[in-house]
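> coordinates only, no sequence provided:
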């Protein structure tokens, strides 16, 4: 589901869902009789609904279609003028011209608010904002794809190396799994929209929308329920990350007790209860809306959003406390004020992605009624932070992690050792002293390990290998 504050093209989701032609509409009402004498408006297809023949000077109505952003319990109206022409149509128009239909009565209250804010300025500005919103989908697809790849690599590393299986990385693994589920669901939904609509951020041509998740009842809603569960689980594991870090740094005990049952119940169990309650309320009160479109603008969404905001506020408190403790410890070690400030800021920047505090920006309402430039900055910034979050978490807490680098360097060392021993047995000219002069230091230095492997494989050593042979 698009961000709650992302602008929506009022025609988005109101085209391409119903497949009919003007000829089909004429055939459908071929036998319909007009009882009142005088002129009448012919049956017509307005690209959304088929309207029956209507007596001149009257107004006809139908149930609003079951489409995105539309409440099907409301009525849509179409006026037949006394001249026998549909309102908005002239004598010079083609017979297929349908005139004007008042679909504004069909929009949900949430959709009306978005449209009112979006079109508070000029028509040109509104179109620019819609274009910006569509372009951010490309940014999202790029960020989500990169995040998914790096998350999978990080999970493989954390599960593969036995030395990394500790309490801290156990929490990391669960957080990464929740992120993977969320990213996968988002990518599936976005790619499905691309396929069914024929392009990124585009609406399918009239009558040509292909069947997909986006327009399949129950399946679409189920995907969004799974998405919200994964998001809630991600927030809860972020809370556990902050709680564990705060406990580990604040208490005097070196290794705080790991409460497995509490953590797993909080990280995976609580989101099930929260999501189930939200899904029931939304289904009962918003179930008539196609795919619960714009559900994140309803009051029921606070069932999920409220606890998420509370989690972020707690993580802010954890972060402040962690920085205070770090600064206090650095003062005790007689470090300079500048070094203290630098390290405190560095700690904050490193902790921000993991604790999810950057999600606060994503919950700020979009400046739909502000200038195009302000909206562009907000839109690109929020979508960049949200879609690349998995990448930043993987980078900071896996790829740049000292324990991870040490585990990888040890693996390279073991590989180089076996290759060196094999080459020595085959009489390659290398001395066994190589193991102590090159491979052994490489155990703690990944870059040196790579150089060592290069020296083992080549007969004529490169300049980097000079001095490594005895």
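It's in. Note that the coordinates shown come from a computational prediction; the quantities given were computed from them, not determined experimentally. Numbers count the residues shown, from 1 in each chain.

> quick check: buried residues in the helix or strand encompassing residue 406?
Per DSSP states H and E: residue 406 is located in helix 402-425. For helix 402-425, the neighbour count (16 or more other C-beta atoms under 10 Å) marks 404-410, 412-413, 416-417, 419-421, 424 as buried. (C-beta placed from N, C-alpha, C; glycine too.)

> residue boundaries of the helices in the stretch 351-470 of the chain?
359-362, 372-387, 389-394, 402-425, 434, 440-442, 446-457 (DSSP state H, counting those that start in this stretch).

> so what secondary structure elements neighbour the third one?
What that stands for is helix 389-394. If contacts are counted by 3 or more C-beta pairs under 8 Å, 6 or more residues apart in numbering; DSSP states H and E, helix 389-394 sits against helix 123-160, helix 167-197, helix 337-355.

> hey, which of those helices is tucked in deepest?
helix 167-197 (a mean of 20; mean count of other C-beta atoms under 10 Å).

> got the angle for it vs helix 123-160?
Angle, helix 167-197 to helix 123-160, by axes from the mean of the first three to the mean of the last three C-alpha atoms, to 10 degrees: 140 degrees.

> following helix 167-197, which helix or strand shows up next?
helix 219-250.

> just the angle between that following helix and helix 167-197, please?
160 degrees.

> helices or strands next to helix 219-250 in the packing?
Partner elements for helix 219-250 (3+ C-beta pairs under 8 Å, 6+ apart): helix 167-197, helix 270-286, helix 302-332, helix 337-355.

> returning to what we had before: now, among the buried residues of helix 402-425, which is nearest to residue 190?
Ranked by distance to residue 190 (C-beta to C-beta), those are led by residue 404 at 30.4 Å.

> ok, that closest one touching residue 163?
No. Using C-beta atoms under 8 Å, residue 404 makes no contact with residue 163, being 9.4 Å away.

> contacts only, for the residue lying closest to residue 125 once chain neighbours are set aside.
Distance criterion C-beta to C-beta, 6 or more residues apart in numbering; nearest residue to residue 125, sequence neighbours excluded, is residue 372 at 5.4 Å. By C-beta atoms under 8 Å, 6 or more residues apart in numbering, the contact set of residue 372 is 125, 128, 129, 132.

> what do you get if the cut-off is 7 Å, keeping everything else the same?
125, 128, 129 (C-beta atoms under 7 Å, 6 or more residues apart in numbering).

> ok so, going back, now the helices and strands packed on helix 389-394 as TSV including mean pLDDT and distance to residue 260?
Listed next are the helices and strands packed on helix 389-394 as TSV, based on pLDDT from 0 to 100; distance: least, C-beta to C-beta, whole Å:
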stretch	mean pLDDT	distance to residue 260
helix 123-160	91	17
helix 167-197	88	8
helix 337-355	61	20
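
> would you list the ones you listed in a markdown table and tack on distance to residue 39?
Formatted as a markdown table, those follow (distance: least, C-beta to C-beta, whole Å):
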| stretch | distance to residue 39 |
| --- | --- |
| helix 123-160 | 35 |
| helix 167-197 | 40 |
| helix 337-355 | 68 |
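
> out of those helices, which gets nearest to residue 281?
Closest approach to residue 281 among the helices and strands packed on helix 389-394 (C-beta to C-beta): helix 167-197, 20.8 Å.

> which strands and helices sit next to that closest one?
In terms of contacts (3 or more C-beta pairs under 7 Å, 6 or more residues apart in numbering; DSSP states H and E), helix 167-197 is packed against helix 123-160, helix 219-250, helix 389-394.

> closest one to residue 170 among those?
Where the helices and strands packed on helix 167-197 are weighed against each other on C-beta to C-beta, the nearest is helix 123-160, at 8.7 Å.

> helices and strands around that closest one, which ones?
Using 3+ C-beta pairs under 7 Å, 6+ apart, helix 123-160 is in contact with helix 167-197, helix 372-387, helix 389-394.

> state the mean pLDDT of the last one.
Same thing as helix 389-394. Averaging pLDDT along helix 389-394 yields 90.

> cool, stretch 283-296 as well?
80.

> now do the same end-to-end measure for that stretch.
13 Å (C-alpha to C-alpha, to the nearest Å).

> neighbouring contacts of that stretch?
With C-beta under 7 Å, 6+ apart, stretch 283-296 has contacts from 1, 4, 13, 66-69, 71-73, 108, 110-111, 220-221, 224, 282, 298, 300-301.

> ok, of those, which come out buried?
Buried among the contacts of stretch 283-296 by 16+ other C-beta under 10 Å: 1, 4, 13, 66-69, 71, 108, 110-111, 220-221, 224, 282, 298, 300-301.

> circling back: residue 259 is nearest to which of the helices and strands packed on helix 123-160?
Among those, helix 167-197 sits nearest to residue 259 (C-beta to C-beta), with 9.8 Å.

> quick check: angle from that closest one to helix 402-425?
Going by the same axes, to 10 degrees, helix 167-197 makes 90 degrees with helix 402-425.

> which residues touch residue 132?
375, 376, 379.

> give me the number of residues near residue 232?
Residue 232 has 27 neighbours, counted by other C-beta atoms under 10 Å.

> show me what contacts it?
271, 274, 275, 304, 308.

> farthest-separated two in those?
Largest separation among those by C-beta to C-beta: 275 and 308, giving 11.7 Å.

> if we can go back for a sec, dump the helices and strands packed on helix 123-160 to JSON lines, plus distance to residue 316.
Below are the helices and strands packed on helix 123-160 laid out as JSON lines (distance: least, C-beta to C-beta, whole Å):
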{"stretch": "helix 167-197", "distance to residue 316": "18"}
{"stretch": "helix 372-387", "distance to residue 316": "16"}
{"stretch": "helix 389-394", "distance to residue 316": "17"}
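
> who wins for proximity to residue 43 among those?
Comparing the helices and strands packed on helix 123-160 against residue 43 with C-beta to C-beta, the closest turns out to be helix 167-197 (28.9 Å).

> can you give me the angle the closest one makes with helix 270-286?
Per the same axes, to 10 degrees, the angle that helix 167-197 makes with helix 270-286 is 30 degrees.

> which one of the contacts of residue 232 is nearest to residue 183?
Using C-beta to C-beta, residue 271 comes nearest to residue 183 of the contacts of residue 232, at 16.3 Å.

> where do the domain boundaries of the chain fall?
22-64+72-106, 121-400, 409-465 (automatic domain parsing).

> and among those, the most buried is which?
Highest mean neighbour count among these (mean count of other C-beta under 10 Å): domain 121-400, a mean of 17.

> which stretches of the protein have low pLDDT?
1-19, 92-96, 197-210, 251-258, 333-349, 351-355, 357-358, 422-470 (pLDDT under 70).

> so where do the helices sit in the stretch 1-150 of the chain?
According to DSSP H, counting those that start in this stretch, the helices that the stretch 1-150 of the chain contains are 22-28, 109-118, 123-160.

> now these as CSV including distance to residue 400?
Below are the helices of the stretch 1-150 of the chain laid out as CSV (distance: least, C-beta to C-beta, whole Å):
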stretch, distance to residue 400
helix 22-28, 61
helix 109-118, 41
helix 123-160, 11
